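In: I'd like to go over a predicted model; first the sequence, then the structure.
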Amino acid sequence: MSVNPMAYEAQFFGFTPQTCMLRIYIAFQDYLFEMMQLVESVILKKLDGFPDCKISPSEIRKSTEKFLLFMKEHFDKLFSKMEEVLLQLVLNIPKNVLLPEDKVHEQYPYSKEQFQELQEEIQQLQQQYKAEAAAGQALRAELEEQKAVQTELEKILKWFEGLENICREHGTSNFKESFAFLTQNAKKLQDVLKDVEEKSRRIQKHDQLL
């Protein structure tokens, strides 16, 4: 069998020429074996009509096997020549023939050096795309953080607006005065809280004494 891969022929036929030749070889061999078995069975039937014949079935089998070996040797020689002819003249695509799906290579020919440069350019573009994708992801994350900060700032602004309205209701419109007002009220609340805690402790001690 030929060792030439014949990849272009495989692209056209859908199978390798070597595979085709192997199947033909196996088919011929199977037919040869079946034919020899048929011949052997016919000879054995003919011998049944001659009771005085001294040829045994085992001798016929040996003779059949020798003849089969002889036929196989000659068949292999003939098949080798037939394979060579078929692979060269029938299952071979000439080098000057271009398949329809490869016409684009004829219109846009590339040398090995140009193809290598194109591959390197593709790799650079892929790396650049990955870097830009990573940068885009970082920008999106930063944008999400900015949105969260903006939300918190809006909450603070609303709190200041509410604080300003409260201060106006109590007659303080200046920020400094408002802050002093809040500080004073916070101190009053702390004093009230301390007084409540002190009274609570006294009540607990009183309950314990009871």
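Out: All right, it came through fine.
In: And the helix or strand containing residue 131, what does it pack against?
Out: For residue 131, the host element (DSSP states H and E) is helix 112-169. Counting contacts by 3 or more Cβ pairs under 8 Å, 6 or more residues apart in numbering; DSSP states H and E, helix 112-169 is packed against helix 175-209. C-beta here means a position set from N, CA and C on the backbone, and glycine is covered the same way.
In: as a whole number, average confidence for the helix it packs on?
Out: Across helix 175-209, the average pLDDT comes to 64.
In: Run through the chain and note the low-pLDDT ranges.
Out: For the chain, applying pLDDT under 70 flags the ranges 1-5, 104-110, 156-157, 159-161, 163-164, 166-197, 199-210.
In: okay, now the domains of it?
Out: Per the record, the chain has its domains at 7-99, 174-209, by the TED database.
In: From the chain's centroid, how far away is the helix holding residue 131?
Out: 30 Å (Cα atoms, centre = their mean, to the nearest Å).
In: same thing with stretch 46-60?
Out: Distance, centroid of stretch 46-60 to centroid of chain: 68 Å (Cα atoms, centre = their mean).
In: Turn the domains of the chain into TSV, columns for distance to residue 113 and mean neighbour count.
Out: Formatted as TSV, those follow (distance: least, Cβ to Cβ, whole Å; neighbours: other Cβ atoms under 10 Å):
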stretch	distance to residue 113	mean neighbour count
domain 7-99	22	12
domain 174-209	75	11
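In: Report the central residue of this protein.
Out: residue 126 (17.3 Å; Cα atoms, centre = their mean).
In: For residue 154, find the nearest of the domains of the chain.
Out: domain 174-209 (19.6 Å; Cβ to Cβ).
In: Grab the nearest non-local neighbour of residue 17.
Out: Once flanking residues are discounted, residue 17 sits nearest to residue 91: 3.8 Å by Cβ to Cβ, 6 or more residues apart in numbering.
In: ignore the last one, residue 86
Out: residue 21 (6.6 Å).
In: wait, that neighbour sits on residue 88?
Out: No - counting by Cβ atoms under 8 Å, residue 21 stays clear of residue 88, with 11.9 Å between them.
In: related to what we said a few turns ago, return the distance of the residue nearest to residue 86 relative to residue 95.
Out: Distance, residue 21 to residue 95, by Cβ to Cβ, to the nearest Å: 21 Å.
In: Surely residue 92 is in contact with residue 12?
Out: No - using Cβ under 8 Å, residue 92 is not in contact with residue 12; the gap is 10.4 Å.
In: contacting residues around stretch 72-82?
Out: 25, 28, 29, 32 (Cβ atoms under 8 Å, 6 or more residues apart in numbering).
In: switch to 6 Å and redo it
Out: Contact with stretch 72-82 is made by residue 25, as judged by Cβ atoms under 6 Å, 6 or more residues apart in numbering.
In: so how far is the helix or strand hosting residue 25 off the chain centroid?
Out: In the assignment (DSSP H and E), residue 25 maps to helix 17-48. Taking Cα atoms, centre = their mean, one finds helix 17-48 lying 47 Å from the centre of the chain it belongs to.
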